[in-house]
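>>> please work out how this folds:
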Amino acid sequence: MAAALDRVIYRPAAGKSRLDEADDATMQDKNLQENGSSRVRKTKTRPKLEGVASAGRLLTVLTAFRRGDAALDLAELAERTQLVKSTIMRLCISLEEFGLIQRNAKGKYHLGMEVARLGSIYLEGYGLGQRVVPVLEELVAATQETGFFYVRRGHQRLCMFRVMSPSRLRIDVRPGDLRPMDNSSTAQVLRRFDGLEGRADLADAPFYTSGTTDPHVASMSMPVFDAEGRLLGAMTVSGPLSRFTAERAEAARETLRRLASSISEKSSLSLP
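Purely as a prediction, here's the structure:
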């Protein structure tokens, strides 16, 4: 009986509105809690964001999507957000109204086109792509390795731009991917020049590391600053350790310094 209770799947009755569905799901959650007092059942984890404003919960659902997700059902969203299904349904109704999430015929959710529109506005508004990508192309042409531009996002680093190496053996990190703030050259630049932990000496840059995030990958990174001298991001050249050795990195050191500095010195970009 306990297992049966845990496997209850909510299916809305025909003709009901989306808010009615959410109300029914809420009642089902309450019934399960009441029945659980007299039956042995799994203990449900309390929502991590209990007591936080609704805006925080909305963003928790919106940012639960990951690269490679086609569509997520309520169970998957509940697992990732630690919110109950009835709450997620109500939040998704609001997100749908603004085009941030869409619900398909199978009742699963995927990101809406409004997300893409906002992303394009962000990139165009700060002129990042127009300024950074051509410089990355020059970096790749000079080194024959893959060029990246990263920014810091809390305890992670976000790849914003990438220009691929012409070699078939290359690093597979795509724009939008998140990587940890580990001891890689990119993370070191984002940590040491962000002003939060004291600015490092620019003469020490660029930084070269190997085998940090991946034992078979090496990288070298240089900071890029905005018009007001604040850290804008990290320009990184990266390749297989078997090819992008310390010797090859040393040969590319001045090229990376020059290209990253060309953005900083002429930059009209500014952080929000």
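>>> chain center to stretch 141-159: distance?
Its chain's C-alpha centre and that of stretch 141-159 lie 13 Å apart, by CA atoms, centre = their mean, to the nearest Å.
>>> start at 259, not 1
From this message on, residue numbering opens at 259, which makes the last subject stretch 399-417.
>>> which parts of it are buried?
400-410, 415-417 (16 or more other CB atoms under 10 Å). Placement of C-beta: from N, CA and C, glycine included.
>>> sitting in helices, which of the residues you listed do you find?
400-401 (DSSP state H).
>>> residue ranges with poor pLDDT in this protein?
Applying pLDDT under 70 to the chain flags residues 259-311, 381-385, 454-458, 524-530.
>>> now do the helices in it.
Under the criterion DSSP H, the chain contains helices at 260-264, 276-293, 312-320, 332-339, 343-355, 371-384, 386-401, 443-450, 504-524.
>>> highest average neighbour count across the ones you listed?
Highest mean neighbour count of the helices of the chain: helix 443-450, a mean of 24 (counted as mean count of other CB atoms under 10 Å).
>>> ok so, going back, in JSON lines, list the buried residues of stretch 399-417 along with distance to residue 372.
Formatted as JSON lines, the buried residues of stretch 399-417 follow (distance: CB to CB, whole Å):
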{"residue": "400", "distance to residue 372": "39"}
{"residue": "401", "distance to residue 372": "38"}
{"residue": "402", "distance to residue 372": "39"}
{"residue": "403", "distance to residue 372": "36"}
{"residue": "404", "distance to residue 372": "31"}
{"residue": "405", "distance to residue 372": "30"}
{"residue": "406", "distance to residue 372": "27"}
{"residue": "407", "distance to residue 372": "25"}
{"residue": "408", "distance to residue 372": "25"}
{"residue": "409", "distance to residue 372": "22"}
{"residue": "410", "distance to residue 372": "25"}
{"residue": "415", "distance to residue 372": "26"}
{"residue": "416", "distance to residue 372": "20"}
{"residue": "417", "distance to residue 372": "22"}
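>>> inside strands: which ones of the buried residues of stretch 399-417?
In strands, judged by DSSP state E, the following of those are found: 404-410, 415-417.
>>> ok, back up a step: out of the helices of the chain, which gets nearest to residue 477?
helix 443-450 (4.7 Å; CB to CB).
>>> show me what the closest one packs onto, helices and strands only.
strand 404-411, strand 414-421, strand 436-438, strand 465-468, strand 475-483, strand 489-498 (3 or more CB pairs under 8 Å, 6 or more residues apart in numbering; DSSP states H and E).
>>> show me what that helix is in contact with.
406, 408-410, 415, 437-439, 455-458, 463-467, 470, 477-481, 489, 491-492, 494 (CB atoms under 8 Å, 6 or more residues apart in numbering).
>>> before we move on, what about stretch 364-375?
Contacts of stretch 364-375 (CB under 8 Å, 6+ apart): 320, 323, 327-332, 335, 350, 353-354, 356-362.
>>> still on that earlier bit, and the furthest pair within the buried residues of stretch 399-417?
Greatest spatial distance among the buried residues of stretch 399-417 (CB to CB): 402 and 410, at 27.6 Å.
>>> need the contact list for residue 464.
Going by CB under 8 Å, 6+ apart, residue 464 touches 443, 447, 478-480, 511, 514-515, 518.
>>> which residue sits closest to the most centrally placed residue in the chain, ignoring its sequence neighbours?
The structure's the chain has its C-alpha centroid closest to residue 436; by CA atoms, centre = their mean the separation is 4.7 Å. Excluding its sequence neighbours, the residue lying closest to residue 436 (CB to CB, 6 or more residues apart in numbering) is residue 414, at 4.5 Å.
>>> shouldn't the one you found be in contact with residue 435?
No - if you go by CB atoms under 8 Å, residue 414 and residue 435 don't touch, sitting 9.7 Å apart.
>>> the residue nearest to the centre of the chain contacts residue 418, doesn't it?
No - with contact defined as CB under 8 Å, residue 436 does not reach residue 418; the gap is 11.1 Å.
>>> hmm, back to that, nearest to residue 345 among the ones in strands among the buried residues of stretch 399-417?
residue 416 (27.8 Å).
>>> cool, thanks, signing off.
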